[in-house]
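*Asks:* Pasting the sequence and the predicted coordinates here, then a few questions.
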Amino acid sequence: MPRARPGFAWTVTPQHVPASNWYLEQVIVSVATAEFIVNIATGYVACGAAFALVFVWRWVGNVDAAAIHGTTGFRILIIPGVSMLWPLLVVRLLRGVGEPPDEWTAHRAAVRREQRRRAMESYT
């Protein structure tokens, strides 16, 4: 049995490894901590799967207007992504955002700067 150190995990050093080779130590997570992490991940995936089915069936058109006429194949294809990114999509649904956000590139930033400069010149 490894000797317990205070804190999150146990550290085990094999008997044949000299103390100078500290980088060869293995970190073993306690069973309770591993179960906690697995339970959190299971809950996240279960919530994501349930949300993905309802989202793809009913709400995909509320978030992206182009997806309203999506085929069944398209809807099946987006289920894994929706089930992993469900918190972001919930926020977008709650905010009532109907269009995807604009892409932010250097070119568009330059155009916006130029538009702001011209607007400021028109005020003066």
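*Replies:* Happy to help now that I have it. Residues are numbered from 1 along each chain as shown.
*Asks:* Regarding this structure, what is its longest helix?
*Replies:* Secondary structure of the chain per DSSP state H: the longest helix is helix 31-54.
*Asks:* what helices or strands is it leaning on?
*Replies:* Counting contacts by 3 or more C-beta pairs under 8 Å, 6 or more residues apart in numbering; DSSP states H and E, helix 31-54 is packed against helix 72-84, helix 86-95. Yep, even glycine has a C-beta here, placed from its N, CA and C like the rest.
*Asks:* Those into TSV, with extra columns for mean neighbour count and mean pLDDT?
*Replies:* Output for these, formatted as TSV (neighbours: other C-beta atoms under 10 Å; pLDDT from 0 to 100):
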stretch	mean neighbour count	mean pLDDT
helix 72-84	14	95
helix 86-95	13	91
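*Asks:* quick one, which of these is nearest to residue 110?
*Replies:* Closest to residue 110 of the helices and strands packed on helix 31-54, according to C-beta to C-beta: helix 86-95, at 27.7 Å.
*Asks:* Alright, that wraps it up for me.
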